[in-house]
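Participant: The sequence and its predicted three-dimensional model are supplied below.
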There are 2 protein chains.
Amino acid sequence: MSIASDLIRGTTDMMILAHLLEGDSYGYDINKSIRMRTGDRFELKEATLYTAFRRLEQQGYISSYWGDEESGARRRYYTITSPGRKAFIASVREWENAKALIDSIIQPHSKDSKDE
Amino acid sequence: MSIASDLIRGTTDMMILAHLLEGDSYGYDINKSIRMRTGDRFELKEATLYTAFRRLEQQGYISSYWGDEESGARRRYYTITSPGRKAFIASVREWENAKALIDSIIQPHSKDSKDE
DNA sequence: CGATATACCTCACCTGTCAAGGTATCTCAG
DNA sequence: CTGAGATACCTTGACAGGTGAGGTATATCG
């Protein structure tokens, strides 16, 4: 019951930024949160997650630092930046827009007289 | 004011099938219809449109035939097949699903106690 | 000691979009 | 008649994002 990869394309960055808006976090935790929010119906593939981090950091939308836990596996934490916040807002607007446009295209149009 | 190509990815086939549900049509006309339905805010790029036709025909979701107009440029008409109709219904369901999942992921979660 | 969970990472491959280029017909202005 | 623009089709190569498969390391539990 996963989303087709072509459908989530272009929304993964938005998902990650949305999570970071609520505070610094790290890869595994972000994915766990996504799993929980969707009732176990969706999660990002690890490769997708980490390539997204690279991309977002390169664009200046997030920054990272290593956590200082003394036990357990090391964690790389991410912080959303000011440009990242702006980018998130813009991407949500774009997403709402795209949803409306696509819906208007696929919704059936009543056709009284259909000559064929 | 176009949709980011990463956002429409995976919906173009659905758009085309939606149009063909209302009767046979050809490339140029489908794109014109999309432009009209969206109030000139969106249209498929030609390369995208025609690669989608190839893909859909190969999957057996549409079939094609040449129109017999005696004047003007020739037109290749497309018909949606029975499997195509089923695929369309499935893709709409998937799309509705994806929309809901993505929205649930990006929507802000109220956090009463936010330390930091 | 091996399995499982946490936690990170990279590489090669696949697929869909798109810019750029091409063909051919018809109409209309000059 | 000639050139521009609209109609209408098509292909190729480049590009970008998702993903399977593979890898590393630590802690815990039986």
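Facilitator: Looks like it came in fine.
Participant: got the end-to-end distance for stretch A:36-47?
Facilitator: The first residue of stretch A:36-47 is 20 Å away from its last residue (C-alpha to C-alpha, to the nearest Å).
Participant: Repeat that for stretch A:32-42.
Facilitator: First-to-last distance for stretch A:32-42 - C-alpha to C-alpha - comes to 10 Å.
Participant: quick one: that stretch near DNA strand D?
Facilitator: No. Stretch A:32-42 stays clear of DNA strand D (C-beta under 7 Å from any atom of the strand), getting no nearer than 9.9 Å. Just so you know, the C-beta spots here come from the backbone N, C-alpha and C atoms, and that holds for glycine as well.
Participant: taking the mean pLDDT, what do you get for that stretch?
Facilitator: Averaging pLDDT along stretch A:32-42 gives 90.
Participant: Over to stretch A:86-103?
Facilitator: With pLDDT averaged residue by residue, stretch A:86-103 scores 95.
Participant: swap in stretch A:50-57?
Facilitator: The model assigns stretch A:50-57 a mean pLDDT of 96.
Participant: which other residues reach it?
Facilitator: Contacts to stretch A:50-57, defined as C-beta atoms under 8 Å, 6 or more residues apart in numbering or on different chains, come from residues A:12-13, A:16-17, A:27, A:44, A:62-64, A:78, A:84.
Participant: mind exporting that stretch as CSV, just the C-alpha atoms?
Facilitator: This file holds the C-alpha atoms of stretch A:50-57, laid out as CSV (Å, rounded to 0.1, in the frame of the first residue of the first chain):
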residue,chain,number,x,y,z
TYR,A,50,19.6,10.2,2.3
THR,A,51,19.8,11.5,-1.3
ALA,A,52,17.2,14.0,-0.3
PHE,A,53,19.3,15.2,2.6
ARG,A,54,22.3,15.7,0.3
ARG,A,55,20.2,17.6,-2.1
LEU,A,56,18.5,19.8,0.6
GLU,A,57,21.8,20.6,2.2
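Participant: Let's have the contacts of stretch A:50-57 in TSV, adding distance to residue A:71, neighbour count and secondary structure.
Facilitator: As requested, the contacts of stretch A:50-57 are arranged in TSV below (distance: C-beta to C-beta, whole Å; neighbours: other C-beta atoms under 10 Å in any protein chain shown; DSSP: H, G, I helix; E, B strand; the rest coil):
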residue	distance to residue A:71	neighbour count	secondary structure
A:12	31	22	helix
A:13	32	20	helix
A:16	26	30	helix
A:17	30	24	helix
A:27	18	18	helix
A:44	26	19	coil
A:62	26	24	strand
A:63	25	14	strand
A:64	21	14	strand
A:78	21	25	strand
A:84	30	23	helix
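Participant: Could I get the residues you listed in a markdown table, plus columns for distance to residue B:57?
Facilitator: Listed next are the contacts of stretch A:50-57 as a markdown table, based on distance: C-beta to C-beta, whole Å:
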| residue | distance to residue B:57 |
| --- | --- |
| A:12 | 31 |
| A:13 | 33 |
| A:16 | 37 |
| A:17 | 39 |
| A:27 | 41 |
| A:44 | 33 |
| A:62 | 43 |
| A:63 | 48 |
| A:64 | 46 |
| A:78 | 44 |
| A:84 | 42 |
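Participant: Thanks a lot, catch you later.
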